[in-house]
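# test case, fold it:
(4 chains)
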Protein chains: 2
Amino acid sequence: MVISADVGLFDFSIENSIINAKKSIFKYIRSMLSKKTKYGIKALAFIAKKGDRKPVQTSEISKSENISQKFLESILLELRKSGFLGSKKGKGGGYYLIKEPEDIRMTSVIRVLEGPIAMVPCVSLNYYEKCDDCPSEEACSVHSLMIQVRDSTLKVLGDNTLADISAKK
Amino acid sequence: MVISADVGLFDFSIENSIINAKKSIFKYIRSMLSKKTKYGIKALAFIAKKGDRKPVQTSEISKSENISQKFLESILLELRKSGFLGSKKGKGGGYYLIKEPEDIRMTSVIRVLEGPIAMVPCVSLNYYEKCDDCPSEEACSVHSLMIQVRDSTLKVLGDNTLADISAKK
DNA sequence: TTTATAACCTACTAATCCGATAGGTTAATG
DNA sequence: CATTAACCTATCGGATTAGTAGGTTATAAA
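You can find the predicted model right below:
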């Protein structure tokens, strides 16, 4: 409570009623991480957890993680084409890790599946794009704030590898 | 360079060609911060910068910040209803700050305009929603990662007030 | 050599959301 | 009483997401 208070976790005020109104009105709450990325990370973790280098079938992951098989197929295909996975066709085939889990940072997985990590293209390192409304990035009040957010997110995602997130608890 | 290397800013590999392919194929790069929120923050900063408590017209902000006036109207209205702004109708009317800029945290602004700060509803403090696919949040490899991201983002946004982001440089 | 398997490929679609636009009504000022 | 600026309601095109459908190719086992 004391720790969270200073980062604004619980600053209850009039805004809170607005938030509650939003929750009840809108059925679907906006998610910033697409299911594609979420499933992709889960699948990678699943494969990493198995440990051995035997190919894992899409159907197995799909069942175990409750993911539509067809959708998962397209995701794993993309992960193979991006150099995260290798594949083998036919019976006993499937997908397997190419690199060590310790060498796969979450930054690169998310960048490939999701795109930019930054909340706004004008502070993105890999997907930079100028805002069409801002004449000057230095004068923009949002810009420096978003740079701070980007850097703190990048720190977390860069520090976490596939080995970290697939470690059994 | 040294600092950024350990957080995965520049791990060039095969993924990089994927990223470049994405950049060229897709015209519009996904943004996690909606224009609504972005404009809302800019407008608040604009009002805060003026310093005095005289009402600021929507048209003035709209012109100065290159924002569609009608769109901005709806945003400022929402900010008034959420308790950030007061308003005055008629000639000489407009919007003015109700609280001190130092007392307006970015967390609350973003929560009202954008919704959840967390990347995924299942780690959201104010907009929590269980994943329909995950049987157990503890066993989910994405969950703890997203909690870390949420906390670091919350720290940045909670530390920054309207006074901070509207400070002249 | 055939058959089963599982990756791989192409195309389509329903639902949803964002960023506006249009056109009006109400309230305050001079 | 006219002007101003907030306030309200409705609608819409374009884009994206999360799939589904229906096939083809390559590999291993029978």
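# can you get me a residue count around A:Lys63?
By other Cβ atoms under 10 Å in any protein chain shown, 11 other residues sit near A:Lys63. Every C-beta, even on glycine, is put in place using the N, C-alpha and C of the backbone.
# so it: helix, strand or coil?
helix (DSSP: H, G, I helix; E, B strand; the rest coil).
# quick check, pLDDT for it.
For A:Lys63, the pLDDT comes out at 97.
# spatially, what comes nearest to A:Ser64 if we skip its sequence neighbours?
In space, and not counting its chain neighbours, A:Ser64 is closest to A:Phe46: 6.6 Å by Cβ to Cβ, 6 or more residues apart in numbering or on different chains.
# helix, strand, or coil at that neighbour?
Applying three-state DSSP: A:Phe46 is helix.
# surely it and A:Glu65 touch.
Yes. With contact defined as Cβ atoms under 8 Å, A:Phe46 reaches A:Glu65; the gap is 6.2 Å.
# just give me the residue right at the centre of chain A.
A:Ile110 (4.5 Å; Cα atoms, centre = their mean).
# what about A:Arg53, how many residues close to it?
Neighbours of A:Arg53 (other Cβ under 10 Å): 11.
# show me what contacts the closest residue in space to it that isn't next to it in sequence?
Take A:Arg53 and drop its neighbours on the chain: the residue closest to it by Cβ to Cβ, 6+ apart is A:Tyr96, 5.5 Å away. A:Tyr96 is in contact with A:47, A:53-56, A:85-88, counting by Cβ atoms under 8 Å, 6 or more residues apart in numbering or on different chains.
# within reach of DNA strand D, which of those residues are there?
Applying Cβ under 7 Å from any atom of the strand to the contacts of A:Tyr96, one finds that A:Lys88 fall near DNA strand D.
# can you select the buried ones from the contacts of A:Tyr96 in ChimeraX?
Selection of buried members from the contacts of A:Tyr96 for ChimeraX, criterion 16 or more other Cβ atoms under 10 Å in any protein chain shown:
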select /A:47,55,56,85,87
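# next, the residue nearest to A:Arg53: phi, psi?
The phi/psi pair for A:Tyr96 (degrees, to the nearest 10) reads phi -140, psi 160.
# how close does it get to chain B?
Distance, A:Tyr96 to chain B, by Cβ to the nearest Cβ, to the nearest Å: 16 Å.
# report pLDDT for that residue.
98.
# can you check A:Ile14 too?
66.
# and for A:Ile29?
What the model reports for A:Ile29 is a pLDDT of 79.
# what's the answer for A:Leu162, then?
98.
# just give me the longest helix of chain A.
Using DSSP state H, we find that the single longest helix of chain A is helix A:141-159.
# who in chain A is up against DNA strand D?
Selection of chain A residues close to DNA strand D by Cβ under 7 Å from any atom of the strand yields A:31, A:34-36, A:68, A:70-71, A:74, A:88-93.
# report the buried members of these.
Buried subset of the residues of chain A next to DNA strand D (neighbour count, 16+ other Cβ under 10 Å): A:31, A:34-35.
# which one of those is nearest B:His143?
Among those, A:Ser31 lies closest to B:His143 (Cβ to Cβ), at 13.5 Å.
# ok, that closest one touching B:Met119?
Yes. The pair A:Ser31 / B:Met119 is scored as a contact, 7.0 Å apart, by Cβ under 8 Å.
# contacting residues around the closest residue in space to A:Tyr95 that isn't next to it in sequence?
Distances taken as Cβ to Cβ, 6+ apart place A:Leu85 nearest to A:Tyr95, at 4.6 Å, with adjacent residues excluded. With contacts defined as Cβ under 8 Å, 6+ apart, A:Leu85 is in contact with A:44, A:47, A:76, A:79, A:95-98.
# distance check, A:Leu85 against DNA strand C.
8 Å (Cβ to the nearest atom of the strand, to the nearest Å).
# could you find the closest non-adjacent residue to A:Ser141?
B:Ala45 (3.7 Å).
# spit out the contact partners of the one you found.
A:141, B:162, B:165-166.
# so who does A:Trp77 touch?
Rather than Trp, residue A:77 is Leu. A:Leu77 touches nothing, counting by Cβ under 8 Å, 6+ apart.
# tell me the secondary structure at it.
In three-state terms, and counting by three-state DSSP, A:Leu77 is helix.
# burial check on A:Tyr127, number of neighbours?
19.
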